[in-house]
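**Q** Predicted structure and sequence below. I'll ask about it afterward.
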Amino acid sequence: MWLTNARVFDATGAEARDGRAILVEDGLIAAEDRAGAVPDNVPDNVDVIDLAGRTVLPGLIDAHAHVFATPPTPEDGAEPLWPGLTAHFVATGLRKALRMGFTTLRDVGSYGDEVVTARQAMRYGAFSGPRVLTCGKIVSATAPGGRFFDGMYREADGPDEVRKAVREQVRRGADFVKVMSTGARSVELEDPHPAQLTGPEIAALVDEAHRLGYRVAAHAEGLAGTELAIRLGADTIEHGMYLNQRPDLLDKMAATGQVLVPTLSCYYGVASGQWTAPLVRLAQHNLAEASRTLLAARAAGVPIALGHDWQPFSDAAVELTRLVEHGMTTHEALLAATATGAHALGLADRLGTIQPGKIADLVIVDGDPLTDPMVLRDQDRIWLVLQGGDPVAGAVFDNSAAIAANARTATVSRSVTHMSALSNAGMPRRGTTDTSG
């Protein structure tokens, strides 16, 4: 497939370029060049789509998602909810996230087996959604948060039990390990300032995860636990709102390439939601601290990745606009949602940029997010989403027979199914396609 006449933001650090062409072959980006590089004698079995100046970005990445859904509450006297209903709402959220251009999510904590079940369902073609990396259960000390987030935590005390908890997550099919190095600002009974796990416990967790080839994400609020997580080698620091008070720790993160995931949206959510008055006040304070940390981390050269950390998880583009509101350029915020997100997930060799050899996760936008990032929050402006080279979502699919073809099966080639769907949506299957107007 050739995508021609495109404005390309490749997320390598270069400025966006107009009049470009991208060749997608076998699910990978084979070339990115001037539009004039498209040969005149394109074989009949290769699609050529004229994007009419639309912007092409790498597939968006949410590095801090909680992939769960709250089912409705029936009215008094209504039929009780059936077990398993929540899974359908999770699937709906995943479809919506993909529709908004998020081709990869890192799930940093959900309830029970909802995420691993959804991930397996997508693998076997039940529905289309983002590529999901999950931590399994969050490893935590015995603490009030484990009672509040029942089913999300695996409480462990002592280095040996912590190592066992890591192994249990690997057994569950986790892609990385999440640790509570501090308590959470969303639990009134929990003080997030002291370290929740001891140094030997965090050291054991990081060592065991890395020994087995897994990355570590550290929930880090208070500076005591945040410092332990940084110094003991956690790969990503989630939240880290007080780091503006410790420039030495930011310098260390910059030197080692540890990624900060600021999660600004969660502070907005708690500050404006139905939370206890002390938690609302704390969230307002933490938002100011997080804003200062974002600027300090940016100045120190710390890699910064986009992480939404709020519900609905499918609305992660709001975090991108908040990064801009709090001091990042749109170029930097888009890097946070693409290249640095891939770095945070340990997938920078496969995702996050538009370069030959990378997986062809692409988002084609009607507009220019570099001048107006709000276009990424407008479903109608997300024109087409490619995942592994396959068209899977976008405005071109909406209100057409293509929606039915979006369900993938094991017996029908995805690319054939989706390109046929695009044809049904008014896009010729062969030759040059003019999509202007």
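**A** On my side now, so go ahead.

**Q** Show the pLDDT at the residue nearest to residue 367 when sequence neighbours are not counted.
**A** Of all residues not flanking residue 367 in the chain, residue 375 sits nearest, at 3.9 Å (Cβ to Cβ, 6 or more residues apart in numbering). In short, each C-beta sits where N, CA and C put it, glycine included. pLDDT for residue 375: 96.

**Q** correct me, but residue 375 touches residue 364?
**A** No: the criterion here is Cβ atoms under 8 Å, and residue 375 misses it with residue 364 at 11.6 Å.

**Q** so where's the protein shaky on pLDDT?
**A** 399-437 (pLDDT under 70).

**Q** Output the helix or strand hosting residue 323 as CSV, nothing but the C-alphas.
**A** Per DSSP states H and E, residue 323 falls inside helix 317-325. Provided in CSV are the C-alpha atoms of helix 317-325 (Å, rounded to 0.1, in the frame of the first residue of the first chain):
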residue,chain,number,x,y,z
ALA,A,317,-6.1,12.4,23.8
VAL,A,318,-7.2,14.8,26.6
GLU,A,319,-3.8,14.2,28.3
LEU,A,320,-2.0,15.4,25.2
THR,A,321,-3.8,18.7,25.2
ARG,A,322,-3.1,19.0,28.9
LEU,A,323,0.6,18.5,28.4
VAL,A,324,0.5,21.4,26.0
GLU,A,325,-1.5,23.5,28.4
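
**Q** what's in contact with that helix?
**A** Under the criterion Cβ atoms under 8 Å, 6 or more residues apart in numbering, residues 60, 62, 100-102, 262-265, 268, 294, 304, 306-310, 330, 332-334, 336-337, 373-374, 376-377 lie in contact with helix 317-325.

**Q** buried subset of those residues?
**A** Those of the contacts of helix 317-325 that meet the buried threshold are 60, 62, 100-102, 262-265, 268, 294, 304, 306-310, 330, 333-334, 336-337, 373, 376-377, by 16 or more other Cβ atoms under 10 Å.

**Q** Among those residues, name the ones in strands.
**A** 60, 62, 102 (DSSP state E).

**Q** ok, those residues vs residue 176, which is closest?
**A** residue 62 (14.2 Å; Cβ to Cβ).

**Q** my read: that closest one touches residue 341, true?
**A** Yes: contact criterion Cβ under 8 Å: residue 62 and residue 341 qualify, at 7.4 Å.

**Q** Direction included, what does the strand of greatest length in the chain pair against?
**A** If you go by DSSP E, the chain has its longest strand at strand 17-25. According to DSSP bridges, strand 17-25 forms sheet pairs with strand 2-8 (antiparallel), strand 28-34 (antiparallel).

**Q** Distance from the chain centre to the last one, please.
**A** What that stands for is strand 28-34. Offset of strand 28-34 from its chain centre (Cα atoms, centre = their mean, to the nearest Å): 24 Å.
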